[in-house]
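[1] Let's see this in three dimensions:
(one chain, ligands or ions: 1)
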Amino acid sequence: MPRTLIAGNWKMNGLIANLAEVERVSAAVSPSSEGPELLLCLPATLIAAASSRSDGSHLKIGGETCHPKEKGAHTGDISAEMLKDAGASYVIVGHSERRADCGETDQIVASQAAAALRAGLTPIICVGETLSQRDAGDVLDVISTQMAGSIPENAAAGAIVVAYEPVWAIGTGRVASSEQIAEVHRLVRDLLVKRFGDAGRGTRILYGGSMNPGNAAEILGVDEVNGGLIGGASLKADDFLAIYRLAAQ
Ligand code: PEP
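    As a prediction, this is how the structure comes out:
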């Protein structure tokens, strides 16, 4: 069984004052914890400070996106190497908000994930269908296409994480049913095994979409769900820790 990963995504939220929440999370979990891995992906402005404030704790810090290149004339962008240098160990790539807001295609996502691997970060590669794609019955095709296009060629099964995030469930309070989650996670697992052989059974597959302390136990109990990617409920230490504790049971 892959080790469970509970990952938060603060998106474009958080000022220096909010680092108190990061400190509360890192102080609440034992440094030697053998339970689920715990991660907060933060705005780039907070990564260095959050990393030093959680240093030596069980909490890891990640970024929310990265540029494919290591450095150069790309004003306003941030490279995977810069995230690593600031203390990150993970980075989210291909979040649906970036696919929609910034036009990030599967090809771009794959190059961002390759950059993460180059820099020694673990990419969390997001896939997920829109509501109209679901209504049209295209879910499995959409996920298969995104999986084929978004995982870089040089990836090893254990070096990446995949997050299934139905777009219609992100930030909406609308959660996919256990059956819907199970169907897609089964497909993602099959695709990983096809691509990586037996090693594909070890890749973590997270669910993301309005997960909260009230629904986390059910979602985390679904077959092939190896953790969660949590937006809104990761902003408050109490809610995020409640989900982590449910995962640790
Ligand atoms: C996300 O940002 O990846 C996410 C799943 O958000 P929320 O939990 O708020 O739906």
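
[2] all contacts plus neighbour counts: C-alpha atoms, from now on.
    Fine.

[3] doesn't residue 7 fall inside a strand?
    Yes - in this structure, residue 7 lies within a strand as judged by DSSP: H, G, I helix; E, B strand; the rest coil.

[4] List the contacts of the residue most central in space within the chain.
    Nearest residue to the geometric centre of the chain (C-alpha atoms, centre = their mean): residue 124, 4.4 Å. Contact analysis of residue 124 by C-alpha atoms under 8 Å, 6 or more residues apart in numbering lists 90, 91, 92, 93, 113, 160, 161, 162, 163.

[5] Ok, residue 239 next?
    Neighbours of residue 239 in contact, by C-alpha under 8 Å, 6+ apart: 212, 213, 233.

[6] In which helix or strand does it reside?
    helix 237-248 (DSSP states H and E).

[7] hmm, that helix in reach of the ligand?
    No - Helix 237-248 is not in contact with the ligand by C-alpha under 6 Å from any ligand atom; minimum separation 10.5 Å.

[8] Next, the angle from that helix to strand 5-9.
    Following axes from the mean of the first three to the mean of the last three C-alpha atoms, to 10 degrees, one obtains 160 degrees for the angle between helix 237-248 and strand 5-9.

[9] And helix 237-248, how far out from the chain middle?
    Offset of helix 237-248 from its chain centre (C-alpha atoms, centre = their mean, to the nearest Å): 16 Å.

[10] mind checking the SS state of the closest residue to residue 174 other than its chain neighbours?
    Using C-alpha to C-alpha, 6 or more residues apart in numbering and skipping the chain neighbours, the partner closest in space to residue 174 is residue 210 (6.4 Å). Of the three states, residue 210 takes coil according to three-state DSSP.

[11] go on, residue 126?
    Under three-state DSSP, residue 126 falls in the strand class.

[12] How about whichever strand or helix holds residue 228 and the ligand, touching?
    For residue 228, the host element (DSSP H and E) is strand 227-230. Yes - applying C-alpha under 6 Å from any ligand atom, one finds that strand 227-230 is in contact with the ligand at 229, 230.

[13] starting at the chain centroid, how far to that strand?
    7 Å.

[14] now swap in stretch 192-212 and tell me
    From the chain centre to the centre of stretch 192-212 is a distance of 11 Å (C-alpha atoms, centre = their mean).

[15] Rounded mean pLDDT for that stretch, please.
    Stretch 192-212 shows a mean pLDDT of 98.

[16] How about residues contacting stretch 32-51?
    Applying C-alpha under 8 Å, 6+ apart, the contact partners of stretch 32-51 are 3-16, 19, 22-23, 57-64, 83, 86-88, 90-92, 234, 244, 247-248.

[17] and if you look at stretch 157-174?
    Here stretch 157-174 makes contact (C-alpha under 8 Å, 6+ apart) with 96, 117, 122-131, 175-176, 184-185, 192, 196, 199-200, 202-210, 228-229, 231-232.

[18] Selecting buried members of the residues you listed in PyMOL, what would you type?
    A single PyMOL command is used to select the members of the contacts of stretch 157-174 judged buried by 16 or more other C-alpha atoms under 10 Å:
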select buried, resi 96+117+122+123+124+125+126+127+128+129+130+175+176+184+185+192+196+200+202+203+204+205+206+207+208+209+210+228+229+231+232
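
[19] circling back to that earlier point, check the contacts of stretch 32-51 for burial and list the buried ones.
    Among these, the ones that count as buried by 16+ other C-alpha under 10 Å are 4-11, 19, 22-23, 57-64, 83, 86-88, 90-92, 234, 244, 247.

[20] Among those, which lie within helices?
    Among those, the members found in helices (DSSP state H) are 19, 22, 23, 83, 86, 244, 247.

[21] in the sheet, who's paired with the closest residue to the fourth one other than its chain neighbours?
    The one in question is residue 83. In this structure, residue 83 finds its nearest non-sequential neighbour in residue 63, 6.5 Å apart by C-alpha to C-alpha, 6+ apart. On the basis of DSSP bridges, residue 63 is bridged to residue 91.
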